[in-house]
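Undergrad: let me see the structure of the following:
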Amino acid sequence: MSGETAADRHLAVDYSSDAEWADHLVAFVRAGLDGGEHVQYFADATDPALVTRTLTNRGVDAAAALRRGQLMVATADETYLAGARFDPDAMIGLWREAVDDAAARGFRGLRAIGEMSWGARDIAGAERLLEYELRIHHEVFERLPLRAWCFYDRRLLSVQDLRVLAGAHLARTGAGAARTAGRGELSAAPLAGPPGFRLAGSAGYESRRVVSSTAAALAASPAERVTLDLSVLDHLDVAGLADLADAARRRPSGIPVRLLGAPPALERMLALFPELRDGLEVAGR
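TA: Numbers count the residues shown, from 1 in each chain. Down below sits the predicted model:
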C-alpha cells in the first residue's frame, strides 16, 4: 500500500448487474490473495455461497483460500449488524481489531468488501450509515493499512441515496462513477487534506439527514482541529447551521471548528444569531 492515499484505499463501487458485481469481486479478491493479504467479504443481498462459487468459476481457488484462513465470507448480519443497532463507533473499533488480527496472523494487509444495500432497509442504526462513511476516511483509512470497497447495488438503492452515500467517498468506480448530485442537492464528503468535511449544494429541510450526519461526524472526530469547507455551499438554513454549531460545541478538544469559505448569507446569520458562533471560527473564502 506504499505510496497510496487513504482515498485510493476506500472506494465506493456501484453496479447494476450480476456481471458487473462479479467483475469487481474477482479483481479485488484475486489481487488480495496474490498479495498475501487477508480478504474479507461481508454479504447482504448476496448469498455467501454465490460469492465463493463466482470466485471459483472465474479461476480463483476460493476453497483453498477459505481452508487456510486467508479468505472469509460472512454476512453483515453475522458481523457489524449483529448487535441491537448499527454503531459507527463499534464498527471503527472492529476495523482496528481486524487489521491487528491480520498482522498477527502474518498477512501483509487487510482488504474487505462490504455490501451496503442494508442502508436502504429498516435496520436500527441505518440512519447513521452516512455519518460512518464520512468518519472512516480520517479515523480508519488515514491511520490503518486497510483497503475496502463499499459495494452499492443500484438496483437496491434509490438514486438519491446512492448519490449521497457514494458521494461520501473521495474515490468511486463503476458504471455510475461519473454521476454527480442533481442541481441543488446537498452532498457531504471528507476533506482529502486536513481533518474535516465539505458540504456542497443547498441545505434545507429536505436535506436534513445529510446535515445531521455531517454534524454527528463533526462532533465525533478525534482530530484536535477540524475544518468545515463551505466554499461550494449554495444555501444553509438556520436549523442546519444550529446543528453544526451544536456539534462544534460538543467536540472534546474545545478548539473551534474552522469554517472555510462561508457564504455571505451564512455570515449574516451568524451576525443575527451570535450564540451560534460558539465553537465556530470563520476563515477567509
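
Undergrad: make it CA atoms for all contacts and neighbour counts henceforth
TA: Noted.

Undergrad: may I see the buried residues of stretch 48-63?
TA: 48, 51, 52, 54, 55, 60, 62 (16 or more other Cα atoms under 10 Å).

Undergrad: er, stretch 120-139 actually
TA: 126-139.

Undergrad: now these as TSV including secondary structure?
TA: Output for the buried residues of stretch 120-139, formatted as TSV (DSSP: H, G, I helix; E, B strand; the rest coil):
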residue	secondary structure
126	helix
127	helix
128	helix
129	helix
130	helix
131	helix
132	helix
133	helix
134	helix
135	helix
136	helix
137	helix
138	helix
139	helix
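
Undergrad: where does the nearest residue to residue 79 once chain neighbours are set aside land in three-state SS?
TA: Sequence neighbours aside, residue 42 is the residue nearest to residue 79 in space, at 7.9 Å (criterion: Cα to Cα, 6 or more residues apart in numbering). What three-state DSSP gives for residue 42 is strand.

Undergrad: from residue 154, how far out is residue 42?
TA: With the distance defined as Cα to Cα, to the nearest Å, residue 42 ends up 18 Å from residue 154.

Undergrad: the more surrounded of the two?
TA: Higher neighbour count among residue 42 and residue 154: residue 42, with 24 against 17, using other Cα atoms under 10 Å.

Undergrad: any idea what the more buried one is bridged to?
TA: In this structure, residue 42 bridges to residue 74, residue 114 when assessed by DSSP bridges.

Undergrad: that one contacts residue 73, doesn't it?
TA: Yes: applying Cα atoms under 8 Å as the test, residue 42 and residue 73 come out as touching, 6.2 Å apart.

Undergrad: which residues in the stretch 151-285 of the chain form strands?
TA: Using DSSP state E, counting those that start in this stretch, the strands of the stretch 151-285 of the chain run over residues 171-174, 187-190, 196-203, 227-236, 257-260, 280-282.

Undergrad: give the other helices and strands that the second one contacts.
TA: Using 3 or more Cα pairs under 8 Å, 6 or more residues apart in numbering; DSSP states H and E as the contact criterion, the neighbours of strand 187-190 among helices and strands are helix 129-136, helix 159-166, strand 196-203, helix 208-220.

Undergrad: picking up where we left off before, could you dump the buried residues of stretch 48-63 into a markdown table with pLDDT and secondary structure added?
TA: A markdown table is the format used below for the buried residues of stretch 48-63 (pLDDT from 0 to 100; DSSP: H, G, I helix; E, B strand; the rest coil):
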| residue | pLDDT | secondary structure |
| --- | --- | --- |
| 48 | 96 | helix |
| 51 | 98 | helix |
| 52 | 98 | helix |
| 54 | 98 | helix |
| 55 | 98 | helix |
| 60 | 98 | coil |
| 62 | 98 | helix |
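
Undergrad: could you export those as JSON lines, including distance to residue 29?
TA: JSON lines is the format used below for the buried residues of stretch 48-63 (distance: Cα to Cα, whole Å):
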{"residue": "48", "distance to residue 29": "14"}
{"residue": "51", "distance to residue 29": "10"}
{"residue": "52", "distance to residue 29": "11"}
{"residue": "54", "distance to residue 29": "11"}
{"residue": "55", "distance to residue 29": "8"}
{"residue": "60", "distance to residue 29": "8"}
{"residue": "62", "distance to residue 29": "9"}
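
Undergrad: quick one on the thing from earlier: winner for burial among the strands of the stretch 151-285 of the chain?
TA: strand 187-190 (a mean of 26; mean count of other Cα atoms under 10 Å).

Undergrad: note down every partner strand of it and its orientation.
TA: Applying DSSP bridges to the sheet, strand 187-190 is found paired with strand 196-203 (antiparallel).
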